[in-house]
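**Q** sequence unknown, structure follows:
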């Protein structure tokens, strides 16, 4: 039997609404890996968070990989090293931070996997975001001077709604076209990446590295940042609880949602 590779979004896909892995999903994943298939967590989260989730659920052994930061980083759990990384161009990062300041919009980026904000940003927003990921954040004076490495992603957040962040996204799409892409991973989280960098690019890159034809890939997701991944995979699967945009591009929509072993349904239908 030819091995297949399964790409799984975390929140709303692999995990239920309590951020847990259901017993049915766990058993199906163990069976798929034992049969020689590959499992990949594909998330917008920082790598450190994805690694922690993979270890928590036993998806950090041979045959397992992680795509973090919406495709900008790929990690091999067997080699214990990053095998792909695409950073933002400094000029592009500085431009979006400058515009966020002008608009009074919250924005953060990452430094050695920790969240960093400038003093003008509301630390409560950073604290609330980091609490979801069990992360720390710190304040730096200026991204131009105080980052120790060039990051792979920035994020704008407005827990009050999407009005400000959607307007900011439209500015990025217009003024930074061809340099940056932006899309929502959840209602309040606006992801800002290098142009062309998304989960779809992540899965094509990993399949190329592993020599696995794309037609033997399966991808599952539920949100806007999963759309490119569903399009790129041999079989794109939208969860029953997915947003309409994800369902519109999917080859298959699960009968069961993320709270009721939806991933097990995918594995049973397409891998076992």
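**A** Here it is on my side, so go on. Since the structure is predicted, the reported quantities are computational estimates derived from the model, not experimental observations.

**Q** residue boundaries of the helices in the stretch 1-150 of the chain?
**A** Ranges of helices in the stretch 1-150 of the chain, per DSSP state H, counting those that start in this stretch, are 23-34, 47-56, 90-103, 123-133, 143-146.

**Q** Give the next helix or strand downstream of the shortest one.
**A** Under the assignment DSSP states H and E, the closest C-terminal helix or strand after helix 143-146 is strand 154-157.

**Q** Which elements pack onto that following strand?
**A** For strand 154-157, the elements it packs on are helix 90-103, strand 107-111, helix 123-133, helix 163-175, strand 189-194, judged by 3 or more C-beta pairs under 8 Å, 6 or more residues apart in numbering; DSSP states H and E. All C-beta spots, glycine's among them, are computed from the backbone N, C-alpha and C.

**Q** what's next to it, contact-wise?
**A** For strand 154-157, contacts defined as C-beta atoms under 8 Å, 6 or more residues apart in numbering pick out 88, 93, 96-97, 100, 105-109, 125, 129, 165, 168, 188-192.

**Q** Residue 74: which of the helices and strands packed on strand 154-157 is closest?
**A** Evaluated over the helices and strands packed on strand 154-157, closeness to residue 74 peaks at strand 189-194, with 14.2 Å, by C-beta to C-beta.

**Q** contacting residues around that closest one?
**A** Applying C-beta under 8 Å, 6+ apart, the contact partners of strand 189-194 are 44, 69-72, 86-89, 92, 96, 107, 129, 152-157, 165, 168-169, 172, 179-185, 225.

**Q** Poorly predicted segments of this structure, please.
**A** Scanning the chain for pLDDT under 70 picks out 1.
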